[in-house]
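# Output the structure for:
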Amino acid sequence: MVLITEVETHSRAARAGIMPRDVLVAINQNEIFDVLDYRFYLAEARITLSLLRDGKPFEVTIKKALYDDIGLLFETPLMDKKRTCANRCIFCFIDQLPKGLREPLYFKDDDARLSFLHGNYVTLTNLKDRDIERIIKMHISPINVSVHTTNPQLRCEMMKNRRAGEVLGYLKRLADAGIRLCGQIVLCRGVNDGAELTRTMQDLADLAPQMSSVSVVPAGLTRYREGLYPLTPFSAAECAEVIRQVNDFGDACERKHGNRIFCVADEFYLKAGLPLPDEAYYGDYEQIENGVGLLRSLMTEFADELDYLADHTGGSTQIPHRHVSIATGKAAAPTLRVLADLLQKRLDGIEISVWEIENSFFGPEITVAGLLTGADMAASLTGKALGDELLIPAVTLRAEGDLFLDGMTPKALSDTLGVPVTPVKNDGAALLAALLGTQKPS
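All right, here's what the predicted structure looks like:
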């Protein structure tokens, strides 16, 4: 049963007489608990809704096109509370956050519904047999799974959850039912690497073709690890060995399955000092949200957009002089310098400065741009010649675009530095437009 909080004006539900504060019990006699039930059973041309009003049951029947909405709104998008994580993973990033940040940053979600709706990765430890049966019945796909290891005992030890090993069996049940799976392995030095990584890759490859992609990413280690499991970062040589191990296995999968399945996060390449793979390595960029192919995608989009610009301007172009600065993390800085040089060679009149911001807030091992704070940018850039505008990665801000992780606003950063600050999406076309000052206001 779910409480209806609002009924859209002139909607089918409103015309049927449904009102706010009514309680939705079932659709076509299928009980409704959350958004998955609601969306699945709503997909009929004729639906009978069982409801309660002031505790008294009643029914309404609505005819509609198969996938049309009917105009009901609920208290939360999930129509239920988010499921919190029951694990205490040895690499958990939230456990490595300092006190005093925004409260939502400390929430640990492990909700399979968010996997389907928003692409979140889940551990499966919150799921029961009935949840797996519902996924199979509704054929909800893909499901993104944080696997880390397929050694049941080791998974229990890494996640500090006695169910972590037994729920690995859900992977085969889902694969056998034709559910597409995407996996993630957070690699911890001396724990699930080496022979354990090979075992995990082999077990997951056995689920092909349903196991369509798996990212191998390094554990993020902040300076706030006092009292936590003693993890240490991979050295440059060890990163190179991880790349060799994963890519050799991926090459074998490519030959056997026509899909390499396993890809290494950009961070391993950057720390190893090795060039990024070409586009073919990343396939459809299924794992880009895990930092796999993020930089290659940016480079390709930027070059394509620059070629398009050249085709429509006859080559080299004179523009009014413009000096733009880019603030980014240590990981992305070399790539952005390459792109900046490429643009400066193609267009006269533009000057680009790329500023590498050291992450003092979380510590030097955190090199990704998305975890930079406003305070670190201010400290690094105060007194620098930033030119006409400072471009910052949009991922440094929360979804609303108004706050850095440390609570500083882009306006406060702008006031501190005395230059306009513009967030830019991780997109080659958006970056080029921002550099040229031709981007549309957000």
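# Am I right that residue 49 sits in a helix?
No. Using DSSP: H, G, I helix; E, B strand; the rest coil, the assignment for residue 49 is strand, not a helix.
# which secondary structure element contains the nearest residue to it once chain neighbours are set aside?
Computed as Cβ to Cβ, 6 or more residues apart in numbering, the closest residue to residue 49 that is not its neighbour in sequence is residue 60, at 5.3 Å. C-betas here are computed from N, CA, C, even on glycine. Using DSSP states H and E, residue 60 sits within strand 56-63.
# pLDDT averaged over that strand - what is it?
Strand 56-63 shows an average pLDDT of 96 in the prediction.
# which other residues reach whichever helix or strand comes after that strand?
Per DSSP H and E, the first helix or strand lying C-terminal to strand 56-63 is strand 72-74. Here strand 72-74 makes contact (Cβ atoms under 8 Å, 6 or more residues apart in numbering) with 2-8, 11, 13, 18, 24, 35.
# Centre of the chain to strand 72-74, how far?
27 Å (Cα atoms, centre = their mean, to the nearest Å).
# strands paired with that strand, and their directions?
strand 2-7 (antiparallel) (DSSP bridges).
# Could you list the buried residues of the partner strand?
Of all the residues in strand 2-7, those buried under the rule 16 or more other Cβ atoms under 10 Å are 2, 4, 7.
# For the residues you listed, give me CSV that also has distance to residue 244 and pLDDT.
CSV is the format used below for the buried residues of strand 2-7 (distance: Cβ to Cβ, whole Å; pLDDT from 0 to 100):
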residue, distance to residue 244, pLDDT
2, 51, 93
4, 56, 95
7, 59, 96
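# need these in TSV with distance to residue 300, can you?
Shown next, in TSV, are the buried residues of strand 2-7 (distance: Cβ to Cβ, whole Å):
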residue	distance to residue 300
2	44
4	46
7	46
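# all helices for the stretch 151-300 of the chain, in order.
Under the criterion DSSP state H, counting those that start in this stretch, the stretch 151-300 of the chain contains helices at 152-159, 169-176, 195-205, 236-257, 266-272, 279-282, 294-311.
# What is the longest one packed up against?
The reference is to helix 236-257. helix 195-205, strand 211-218, strand 262-264, helix 266-272 (3 or more Cβ pairs under 8 Å, 6 or more residues apart in numbering; DSSP states H and E).
# Next, the angle helix 195-205 makes with it.
If you take axes from the mean of the first three to the mean of the last three Cα atoms, to 10 degrees, helix 236-257 sits at 20 degrees to helix 195-205.
# what's in contact with helix 236-257?
187, 189, 193, 197-198, 201-202, 205, 208-209, 216, 218, 234, 259-264, 268-269, 271-274.
# Select only the buried ones of these in PyMOL?
Per 16+ other Cβ under 10 Å, the buried members of the contacts of helix 236-257 correspond to this PyMOL selection:
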select buried, resi 187+189+193+197+201+205+208+216+218+234+259+260+261+262+263+264+268+269+271+272
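# what residues are up against residue 263?
Applying Cβ under 8 Å, 6+ apart, the residues near residue 263 are 213-216, 246, 250, 281-283, 287, 292-293.
# Now do the buried residues in stretch 237-253.
238-243, 245-247, 249-250, 252-253.
# before we move on, the earlier item: so the residue nearest to residue 49 sits against residue 15, correct?
No. Between residue 60 and residue 15 there is no contact under Cβ atoms under 8 Å: 9.6 Å.
# Compare those two (neighbour count), which wins?
residue 60 (17 against 13; other Cβ atoms under 10 Å).
# Would you state the strands of this protein in chain order?
Ranges of strands in the chain, per DSSP state E, are 2-7, 23-27, 30-31, 46-53, 56-63, 72-74, 143-146, 181-187, 211-218, 262-264, 317-328, 347-356, 389-393, 421-424.
# and among these, the most buried is which?
strand 262-264 (a mean of 28; mean count of other Cβ atoms under 10 Å).
# Direction included, what does it pair against?
Partners of strand 262-264 in its sheet, by DSSP bridges: strand 211-218 (parallel).
# model confidence over the partner strand, on average?
pLDDT averaged over strand 211-218 gives 97.
# Now tell me what touches it from outside.
Against strand 211-218 from outside (Cβ under 8 Å, 6+ apart): 142, 147, 171, 175, 180-187, 197, 201, 204-205, 233-234, 239, 242, 246, 259, 261-265, 267-268, 271, 283, 286-287, 290-292.
# one more time with 7 Å, if that's ok
With contact meaning Cβ atoms under 7 Å, 6 or more residues apart in numbering, strand 211-218 is reached by 175, 180-187, 204, 234, 242, 246, 259, 261-265, 267-268, 286-287, 290-292.
# Residue ranges in the stretch 251-400 of the chain under the pLDDT threshold?
311-319 (pLDDT under 70).
# Who are the contact partners of the closest residue to residue 111 other than its chain neighbours?
Nearest-residue entry for residue 111: residue 83, 4.1 Å, with adjacent residues in sequence omitted and distances by Cβ to Cβ, 6+ apart. By Cβ under 7 Å, 6+ apart, the contact set of residue 83 is 109-111, 126.
# Reformat those residues as CSV; add pLDDT.
Output for the contacts of residue 83, formatted as CSV (pLDDT from 0 to 100):
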residue, pLDDT
109, 81
110, 78
111, 72
126, 90
